[in-house]
Structures are given as structure tokens and as C-alpha cells.
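Visitor: Fold the following, please.
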Amino acid sequence: MRHLGAPNVEAMSAGTYPKAVHPLSIRVMEEVGLDISKQQSKSVEDFFGKPFDFVITVSDPATENPPSFPGGAQRLHWPIGDPAAVEGAEDRKLHAFRVVRDDLFARIWYFLSLNVSGRSPV
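Guide: Prediction:
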């Protein structure tokens, strides 16, 4: 979101159950020229009290007990599977991470094309 939306977008990322950034996430993002190796997982609790225009959830647990933020943020849910849950050989896991990366890029690109331009999402 930061990469595609800059400088018009301030993006925050957090999880309901934050974990260390997965090494395969770092690897597949490097493949497209983005270094996320210094990123750290944060908890949604770190952002309580901060107003947002949009809150986008990507995991089903986040929709079961969604975090509450002031300001009437528009909520969107993008159901994306957890690539870390894929079992098997390294190439199978790597493929799962690439699929998620590409899915997120497509969704973010579309989201930004509707919202940064001033149009409402469909």
C-alpha cells in the first residue's frame, strides 16, 4: 500500500495475532524490488484511538472480532488465505506466498485507483 500509494497514502499494518515477518514474505517481496526485511509485526492494539478512513482486514479471525477505531472508518474484507499455513516442499510454499503477494498487489492497485482518485469504492 505504501509503495503503490505514496505519497498520497499513509498506510498502517497490524494484526490481531502479530508474529515475526515470515522469511518467505521477505523473499517474495524482494523479487519485486521491495525490501521488507526491517518491518516488524504490530498489534492492532497499537493503533486503538487513531482514526482511519479505511480498515481492511485480510484474515477471517479479524472479521470475527474486528478492532474498533474512531471516526467511522469504512471496513473492507479481503479474504486471503494464510500462505504460512501451506505445507509441503519449499517450492509449494514459495508459490503460495507469490500468489498472495500478487493478489494483494492487484487488490491494492484497484483500491487505490478508486480511492486516491477521489472516487468511492464499488
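Visitor: Next, give phi and psi for residue 32.
Guide: Backbone torsions of residue 32, given as degrees, to the nearest 10, read phi -110, psi 20.
Visitor: the bottom helix or strand of the protein by mean pLDDT?
Guide: When each helix and strand of the chain is scored by mean pLDDT, DSSP states H and E, helix 60-64 comes last, with a mean of 64.
Visitor: Does anything pack onto the helix or strand that comes right after that helix? Which helices or strands?
Guide: Following the chain from helix 60-64 toward its C-terminal end, the next helix or strand by DSSP states H and E is strand 74-77. The elements that strand 74-77 packs onto, with contact taken as 3 or more CB pairs under 8 Å, 6 or more residues apart in numbering; DSSP states H and E, are strand 54-57. From N, CA and C alone the C-beta is placed, and that goes for glycine too.
Visitor: Hmm, residue 41 is touching residue 22, no?
Guide: No. Under the criterion of CB atoms under 8 Å, residue 41 is not in contact with residue 22, lying 9.6 Å apart.
Visitor: what's the burial count for residue 77?
Guide: Neighbour count for residue 77, taken as other CB atoms under 10 Å: 14.
Visitor: Not counting sequence-adjacent ones, nearest residue to residue 29?
Guide: Distances taken as CB to CB, 6 or more residues apart in numbering put residue 36 closest to residue 29, at 4.8 Å, once the chain neighbours are dropped.
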